[in-house]
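Colleague: Sequence first, then the predicted structure:
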Amino acid sequence: MKKIVLPILLTAMATVSFAQQRDTVAAPRRAGGLPGGPPAAGGAANAKPAPKPFKQVITDKAISRKGLFNVHKVDDKFFFEIGDSILNRDILVVNRISKAGAETRAVDGYAGDQIGENVIRFEKGPNNRIFMRKISFRAYSADSTKAMYQAVQRSNVQAIAAAFNIAAFSEDSKGSVVDLTDYINSDNEIFYFSSPAMKTRLRLGSQISDRSYIEAIRPFKTNIEITTVKTYSLGAAPAFGRAGVPAAPAAPGGASGSVTVELNTSLLILPKVPMQARYYDQRVGYFTSGYTDFDANPQGVKSVQMIARWRLEPKAEDMAKYKRGELVEPKKQIVYYIDPATPKKWQPYLIAGVNDWAKAFESAGFKNAIVAKIAPTAKQDSTWSLDDASHSVIVYKPSETENASGPHVSDPRSGEILETHINWFHNVMKLVHDWYFIQTAAVDPRARKMQFSDELMGDLIRFVSSHEVGHTLGLRHNYGSSSTTPVEKLRDKAWVEDNGHTPSIMDYARFNYVAQPEDKITKAGLYPRIGEYDNWAIKWGYSYLPDAKTAAAEETTLNKMTIEALKNRRNWFGTEINPDDPHSQNEDLGDNAMKASDYGIKNLKRIIVQLPEWTKVPNEDFGNLANMYGQLTTQFNRYMGHVSKNIGGIYENPKTVEEAGVVYEITPAATQKEAMEFLDRQLFTTPTWLVQDNILDQIGSNGITVIGRSQDAVLTRLVNDRILGKLLTAEAKSAANYKITDFYGDLQGIIFRELRTNAPIDIYRRNLQKSYVGKLIDIVAPSPDPAAAAAIAAVGGRRAGGSSDVVSVTKAQLKAIKALVTSAEAGTTDAMSKYHLQDLNDRITAALDPKG
């Protein structure tokens, strides 16, 4: 029989509380060594104290509590009694901020934010020491009888993160007592911030030891909760926080002073036997964790990806019922707790957003699989904590951040989700208000105000709650889901109210902006909901397959399930990371971006004329008007982006070898032509309806800037080497495809339309023509300006190489425009048009002949 062991690893990156027994102690340092670490080499290194009798270390003064580790507090020292049964067990360490001040907050820095995650093991070392190793799961070999196992083991020694002297052995001789005080008081990457970069982002410098202390250590049956107060020097503010968001403001007078935060460290023991993994299938959108498997491929290695999912299993007494297809309750229900700090009027909607998923789990054979409850307050249960890693919670954060997020913590050995702390930022309500206003005010009178009714806002909170809970069930965004709905069905009242405007709440489909006032569609056809794809994805990820004893044994059954399910296009998954597929886009609706966007623009035209009235609030200035006009133009620009992605588009339909058809397919030429015609009609032909002087004069803006930015952004998306290169590739494949010469010919005809008749060229069109010529010049004679390169890279473009046909065809296009401009200049009588054409001529000449 093969001996199965846990993965060989590669280095990576009931309860009583000590709460209220505050111990303010500095972090003592051993001479020449780090807190909690081994002594420096030489001298004291050879004088390791022998363990003392238990009663001499854990004296009568000790305050002792039992749990995963028995914890003893003696004066200002904390001793952990680590049982031999816990040695060599994998322990997940999750670090969070419990409390923080305004100085740290940028994108991170709020109570509940996770700041680190590690897996550790305690093991006995030589000379009466306990080692704490940092564990990684990047490389794997399971069969210890083979030479490969030994080779992997030799090449992947786990780092010893800390070492502790054994102060005493347990009274029953089945454990070791170690002093963790110094280590807990130190500033280390295991128990606290996982990286220096994170501390920098939060403006945290060095720890100030005499203002840092252990607040409480609470042992539980399967976890230990450590609360510390840490004071750090206040560092300089970085230019930007995460994802380009401005960081917290600098302290007055520069980087000085200090910052104090309360941190929570959870040590959660992982299951002795990991849950059976389920291998990832790119046709179903799940988050994953992975490793390199040296056993799976006898002639190489294999990258293995496991999906993230909760452990849902039938009870033993219900297994026969489950196999017969009857709904059964799982051994362990998935429970989410709502932060009691959440305003009471929103609590029922957050709960509903969780409970809405119960129906989806019935597709996997489980009833009552998921539920939400209000978390107990400190008065109700002093031992209960939002930071406890054994609880899953929705944490309400008093933040101006317009967002919510659904992270989760999973077992890296199997993908089993162990807990989640959903971040619910207070100002997410502004985000959903602005979305709903701009996307539905034309059809829903409730949306025509700056403060929604509690009922409407509650409905929107419920939608966001369901979306974020979906992430914590393991589901990724499905940006392709909405593309499976025919556009005209979005206007069919009966159909859309029965089926929803997208089959997945995990899409970024927001609200039904295609619906027109005359369609009389109610909220059932405007809101997102858990749909067909979500039910299918839960069925795929959570169906229990009792006859498959390994993840590999499940693959045939799951593949057959998937092939059958995908006969229904509404079960299709479109990844959020595909830059080429027009079907996989966020914020879009329907199977035809041009038709859907035409309907969306009709509604924007209805809304814009009412904005001054609908945004009016007594005794306030025009800030609301400025915000909502900005939201409207942003929505317009989204439509332009949805359409633009069709040009140079490549559809992707992942398949296994058992399925017919191709995986990659070039977007039909007719569809790309339709996209160009849309851009001509709605963008390049000046959208003067956006120029509302009664709005712009109140908010200090102008139509030239608004329209110019929209047009320039689309040209940047289209006229770059990545898109042009795809058009060249398509032409090489078939002359019937939309070609680069078709693209340039269409754009020239659209953008230089006036030159055929010598009509005057107004300022909007002059700016458009300059912008287009500038994009062409940047391909044949790239600007050294880093900002220009960054703008191209931001939309996935890149500079053309010297051997590319892109440069050749672009030069030909510039020469054709130069000839057209030269001819038109001679017949132009409008002075501004003539100056403009002369300028274009000079720019093109300089680009084509820079030495001239």
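Modeller: Yes, it's here. Numbers count the residues shown, from 1 in each chain.
Colleague: how about low-confidence regions in the stretch 151-300 of the chain?
Modeller: 151-157, 236-256, 294-300 (pLDDT under 70).
Colleague: That one: helices as residue ranges?
Modeller: Along the stretch 151-300 of the chain, counting by DSSP state H, counting those that start in this stretch, helices occupy 181-185, 196-201.
Colleague: hey, which of the ones you listed is tucked in deepest?
Modeller: Highest mean neighbour count of those: helix 181-185, a mean of 23 (counted as mean count of other CB atoms under 10 Å). Every C-beta, even on glycine, is put in place using the N, C-alpha and C of the backbone.
Colleague: how far out from the middle of the chain is that helix?
Modeller: Between the centre of helix 181-185 and the centre of its chain there are 34 Å (CA atoms, centre = their mean, to the nearest Å).
Colleague: Kindly export that helix (C-alpha atoms) in CSV.
Modeller: Extracted in CSV, the C-alpha atoms of helix 181-185 (Å, rounded to 0.1, in the frame of the first residue of the first chain):
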residue,chain,number,x,y,z
THR,A,181,5.8,36.7,24.8
ASP,A,182,8.8,38.1,23.0
TYR,A,183,7.7,36.8,19.6
ILE,A,184,4.2,38.2,19.9
ASN,A,185,5.6,41.5,21.0
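Colleague: any weak-confidence spans in this protein?
Modeller: Applying pLDDT under 70 to the chain picks out residues 1-48, 102-112, 139-157, 236-256, 294-300, 785-803, 852.
Colleague: can you rerun that using 50?
Modeller: Using pLDDT under 50 as the threshold, the predicted model of the chain has low-confidence ranges 1-45, 107, 239-255.
Colleague: Domain ranges for it, per the record?
Modeller: Here the domain parsing of the chain from automatic domain parsing is 51-269, 316-640, 641-848.
Colleague: Of all those, which one is nearest Ser303?
Modeller: domain 51-269 (10.3 Å; CB to CB).
Colleague: Give me the distance between the two termini of the closest one.
Modeller: 26 Å (CA to CA, to the nearest Å).
Colleague: Any idea how far it is from the middle of the chain?
Modeller: Chain-centre distance of domain 51-269: 26 Å, with CA atoms, centre = their mean.
Colleague: What of stretch 436-449?
Modeller: Per CA atoms, centre = their mean, the centroid offset for stretch 436-449 relative to its chain is 28 Å.
Colleague: And it, what's buried?
Modeller: For stretch 436-449, the buried set under the neighbour-count rule, 16 or more other CB atoms under 10 Å, comprises Tyr436, Phe437, Ile438, Gln439, Thr440, Ala441, Ala442, Val443, Asp444, Ala447, Arg448, Lys449.
Colleague: What about the closest residue to Gly600 other than its chain neighbours, how many residues nearby?
Modeller: Setting aside the residues directly before and after it, Gly600 is nearest to Tyr513 in space (CB to CB, 6 or more residues apart in numbering), at 4.6 Å. Neighbourhood size, Tyr513 [other CB atoms under 10 Å]: 30.
Colleague: close enough to count as contact, Tyr513 and Asn603?
Modeller: Yes: if you go by CB atoms under 8 Å, Tyr513 and Asn603 touch, sitting 6.2 Å apart.
Colleague: what do those two both touch?
Modeller: Common contacts of Tyr513 and Asn603, defined by CB atoms under 8 Å, 6 or more residues apart in numbering, comprise Gln439.
Colleague: that older thread, with distance to Trp384 as new columns, can the helices of the stretch 151-300 of the chain be given to me in TSV?
Modeller: Below are the helices of the stretch 151-300 of the chain laid out as TSV (distance: least, CB to CB, whole Å):
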stretch	distance to Trp384
helix 181-185	22
helix 196-201	28
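Colleague: the helices in the stretch 401-550 of the chain, which residues?
Modeller: Using DSSP H, counting those that start in this stretch, helices in the stretch 401-550 of the chain cover 428-440, 454-472, 493-499, 532-542.
Colleague: Which one of the ones you listed lies nearest to Ala553?
Modeller: Closest among the helices of the stretch 401-550 of the chain, using CB to CB: helix 532-542, at 15.9 Å.
Colleague: Run the chain-centre distance for stretch 379-396.
Modeller: Taking CA atoms, centre = their mean, one finds stretch 379-396 lying 24 Å from the centre of the chain it belongs to.
Colleague: can you redo the domains of the chain as CSV with distance to Ala308?
Modeller: Shown next, in CSV, are the domains of the chain (distance: least, CB to CB, whole Å):
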stretch, distance to Ala308
domain 51-269, 13
domain 316-640, 4
domain 641-848, 19
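Colleague: between those, which gets nearest to Met306?
Modeller: domain 316-640 (3.8 Å).
Colleague: Would you tell me which of the domains of the chain gets closest to Lys302?
Modeller: When the domains of the chain are compared by CB to CB, domain 51-269 sits nearest Lys302, at 9.7 Å.
Colleague: Excluding sequence neighbours, find me the nearest residue to the residue nearest to the spatial centre of the chain.
Modeller: Centroid-nearest residue in the chain: Ser405, 7.5 Å away (criterion: CA atoms, centre = their mean). In this structure, Ser405 finds its nearest non-sequential neighbour in Asn423, 4.6 Å apart by CB to CB, 6+ apart.
Colleague: That neighbour: what's it in contact with?
Modeller: By CB under 8 Å, 6+ apart, the neighbours of Asn423 are Tyr110, Gly112, Asp113, Val395, Lys397, Asn403, Ala404, Ser405, Gly406, Pro407.
Colleague: Pretty sure the fifth one sits against His426.
Modeller: To tie it back to what came earlier, the one meant is Lys397. Yes: if you go by CB under 8 Å, Lys397 and His426 touch, sitting 6.5 Å apart.
Colleague: where does Ile647 land in three-state SS?
Modeller: Recorded secondary structure, Ile647: coil (DSSP: H, G, I helix; E, B strand; the rest coil).
Colleague: follow-up on the earlier one: doesn't His421 make contact with the residue nearest to the centre of the chain?
Modeller: No: using CB under 8 Å as the test, Ser405 is too far from His421 to be in contact (9.5 Å).
Colleague: that older thread, any chance of the contacts of Asn423 in CSV, with distance to Ile763 too?
Modeller: Supplementary listing: the contacts of Asn423 in CSV, determined by distance: CB to CB, whole Å:
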residue, distance to Ile763
Tyr110, 46
Gly112, 51
Asp113, 48
Val395, 51
Lys397, 46
Asn403, 38
Ala404, 42
Ser405, 43
Gly406, 47
Pro407, 48
